[in-house]
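**Q** With the input below, show me the fold.
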Amino acid sequence: MKTDRREFISKTCKCLAYCAIPTALLTIQGCEDNVDPYDSTSDDTGNNDSDSDGSGGSGGGNTSNSISFNLDEQPYTDLKVVGNSIVTSGNKIDSVGLLLYRKSENEILAFTRRCTHAGYEIGAFSGGVSVCSSGHGGRFDTNGKAVSRPATGSLRQYQAVLSGSTLTIS
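**A** Okay, here's the model as predicted:
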């Protein structure tokens, strides 16, 4: 009877180990540092080059390499106040969306919403910090620099031109 009990315990332990190892490896892989989760050489436009109306959101009149927002229309009116921040949904500039921040009277910064750690979306700035939606702790300052691990480096920044109440991102 002792042999049967030992054999049972041995087989059970092996089975538990075989089940636990893949789970542990997937967990560890999910927290590895990714230097660049997106290919910065790609155009990241979602292949919308055939978008003939060129509207890309409020304001219109943009080319295939830019998108415009009218700050007189909701939800962009928040950007009229220095220090405010909003996020946009995915678009032809960035498939995850844009993080927009009013830095000064004459300057709005535009960043990707893609966390540098694992590519999750990040939210609008609050108290000078933007937090990754995954809950892993990645945080970014208003210059787009990672301020807490596991996020590293800086968010991809886009050119933002403010002309009157029209913001153009390219």
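**Q** worst-scoring helix or strand of the chain, pLDDT-wise?
**A** helix 2-30 (a mean of 72; mean pLDDT, DSSP states H and E).
**Q** helix or strand right after that helix?
**A** Moving toward the C-terminus from helix 2-30, the next helix or strand (DSSP states H and E) is strand 67-70.
**Q** so how far is V147 from the most centrally placed residue in the chain?
**A** For the chain, the residue sitting closest to the mean C-alpha position, by Cα atoms, centre = their mean, is R114 at 1.7 Å. According to Cβ to Cβ, to the nearest Å, R114 and V147 sit 17 Å apart. From N, CA and C alone the C-beta is placed, and that goes for glycine too.
**Q** Next, G90: secondary structure please.
**A** coil (DSSP: H, G, I helix; E, B strand; the rest coil).
**Q** For it, grab the count of nearby residues.
**A** 14 (other Cβ atoms under 10 Å).
**Q** how close does it get to G144?
**A** 18 Å.
**Q** Share the number of residues neighbouring I21, please.
**A** Neighbours of I21 (other Cβ under 10 Å): 10.
**Q** So, low pLDDT: which residues of this structure?
**A** Within the chain, the stretches with pLDDT under 70 are 1-3, 23-64, 135.
**Q** First-to-last residue distance for stretch 98-117?
**A** 17 Å (Cα to Cα, to the nearest Å).
**Q** any idea how far that stretch is from the chain center?
**A** Mean-position distance between stretch 98-117 and its chain equals 11 Å (Cα atoms, centre = their mean, to the nearest Å).
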